[in-house]
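Engineer: here's a sequence, model it:
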Amino acid sequence: MVNELDTIPFNKRSRRQLKFWRLFAIIFFVFTLTLILFDKNFFLNPLGYQDHIVKINVNGFIDDNPDLASDLEDLLDNKKVKAILVMIDSPGGTSFGGEFMYRKLIKLSSSGVPVVTVIRTIGTSAAYAVALGGDRIFALETSLLGSVGALIRSADISELLAKVGVKPEIYKSGEFKSLPSPTEKTSDEAKLVIQSSVNEVKKWFLRIIKERREISDDKVRKISKGGIYTGKQAISLNLIDEIGGEQEALNWLVDYKGLKRDLPIIEIDNFSKNQEFCCSFFSILQKIINSSKVSLDGFLSVWHPNT
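Structural biologist: You can find the predicted model right below:
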């Protein structure tokens, strides 16, 4: 039989431990809440308040990403960020996604933070637009880049539907609304309207290339045809600055921007966290159809081989 007096020290000890852990939990909660409210950059830099380089990996299909937008805005206020390293491995995406990232990188560069971009396996179309946001562009000799421009792709299946006895009924507010549509033929006038819009995106793309790369009109005309180039070919067209990868980009930051060689690197996830890189058009098309983030009337700026 247990003596009640024997349990008294144990109960007192348990109560003291309980009070300790309750106090610890309260202090931890207050500390965490303070960091969230007053210093979001603490979470961007888990190594503490050291100077560091932020590495952004741009992989897969590029589209709108509100989370990345928030992260990039936070970088503008983080004085411990000494450079931005953008690693690109993407065939492109929506023109909006490419322009969005391009403008964010330009904004960071204008604030005094060096931005360097590296094209790995591929950096075409909207992905090349992202690369243009860097102060210096690197690529390997066999990297693929270019494919400047935009496209809207559609298929006319109206005759097929008619053969199987399906007649779509479409109610729209204007003649050109919802065009091009696979369920109805596109008139010549509508084709001109659509092509005009695609051309406007192409003009924007060529304009920023000319501004950022300072290339001649002859080279602009060649690039405007939408061809792809290896890194070695891109050097002669002045589409990139130097042959090299991540290490060469980091060396440039040290040699020409005065950064310390041993700065830690903090990574930020890219546009397509859950999308794998693909080169097949049908794989890209499947991602577009399944993605809730691709707007209905968005332009595509993406390269795909005809396989």
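Engineer: can you name every helix or strand that the lengthiest strand in the chain contacts?
Structural biologist: Ranked by residue count under DSSP state E, the longest strand found in the chain is strand 81-94. Applying 3 or more CB pairs under 8 Å, 6 or more residues apart in numbering; DSSP states H and E, one finds that strand 81-94 makes contact with strand 52-62, helix 95-110, strand 115-124, helix 126-131, helix 246-257, strand 300-302. Backbone N, C-alpha and C define where each C-beta goes, glycine included.
Engineer: quick one: it to strand 52-62, angle?
Structural biologist: 0 degrees (axes from the mean of the first three to the mean of the last three CA atoms, to 10 degrees).
Engineer: where's strand 81-94 relative to the chain centroid, distance-wise?
Structural biologist: 6 Å (CA atoms, centre = their mean, to the nearest Å).
Engineer: pairing partners for it, with directions?
Structural biologist: According to DSSP bridges, strand 81-94 forms sheet pairs with strand 52-62 (parallel), strand 115-124 (parallel), strand 300-302 (antiparallel).
Engineer: least reliable of the ones you listed by average pLDDT, please.
Structural biologist: Lowest mean pLDDT within the strands paired with strand 81-94: strand 300-302, a mean of 59.
Engineer: where does pLDDT dip in this structure?
Structural biologist: Low-confidence segments of the chain (pLDDT under 70): 1-15, 17-18, 31-49, 269-307.
Engineer: quick one: the helices in it?
Structural biologist: 4-38, 41-44, 66-76, 95-110, 126-131, 158-163, 188-213, 217-223, 231-237, 246-257, 281-290 (DSSP state H).
Engineer: now Ser178: closest residue in space that isn't a chain neighbour?
Structural biologist: In space, and not counting its chain neighbours, Ser178 is closest to Lys172: 5.5 Å by CB to CB, 6 or more residues apart in numbering.
Engineer: tally of neighbours for that neighbour?
Structural biologist: 10 (other CB atoms under 10 Å).
Engineer: residues near Lys163, how many?
Structural biologist: Neighbour count for Lys163, taken as other CB under 10 Å: 7.
Engineer: swap that for Leu72, sorry
Structural biologist: By the measure other CB under 10 Å, the count of residues near Leu72 is 21.
Engineer: what's the closest non-adjacent residue to it?
Structural biologist: Per CB to CB, 6+ apart, closest to Leu72 is Lys104, 4.6 Å.
Engineer: what's the burial count for Gln233?
Structural biologist: Residues near Gln233, counting by other CB under 10 Å: 16.
Engineer: whoops, Ser111 was the one
Structural biologist: The number of residues near Ser111, taken as other CB under 10 Å, comes to 12.
Engineer: and Leu140, which of the helices and strands packed on strand 81-94 is closest to it?
Structural biologist: Proximity to Leu140 (CB to CB) singles out strand 115-124 among the helices and strands packed on strand 81-94, at 7.4 Å.
Engineer: tell me the contacts of Ala131?
Structural biologist: Contact partners of Ala131, counting by CB atoms under 8 Å, 6 or more residues apart in numbering, are 86, 88, 117, 119, 123, 137, 145, 240.
Engineer: at 10 Å what do you get?
Structural biologist: 58, 86, 88, 90, 98, 101-102, 105, 116-119, 123-124, 137-139, 145, 212, 239-240 (CB atoms under 10 Å, 6 or more residues apart in numbering).
Engineer: same thing with Arg136?
Structural biologist: Here Arg136 is in contact with 114-118, 240-242, 244, 248-249, 252-253, 256-257 (CB under 10 Å, 6+ apart).
Engineer: can you select the buried ones from the residues you listed in ChimeraX?
Structural biologist: Only the buried entries of the contacts of Arg136 go into this ChimeraX selection, using 16 or more other CB atoms under 10 Å:
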select :114,115,116,117,118,240,241,244,249,252,253
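Engineer: and which of the contacts of Arg136 is nearest to Lys80?
Structural biologist: Pro114 (14.2 Å).
Engineer: and that closest one, how far from Leu105?
Structural biologist: Separation of Pro114 from Leu105 (CB to CB, to the nearest Å): 11 Å.
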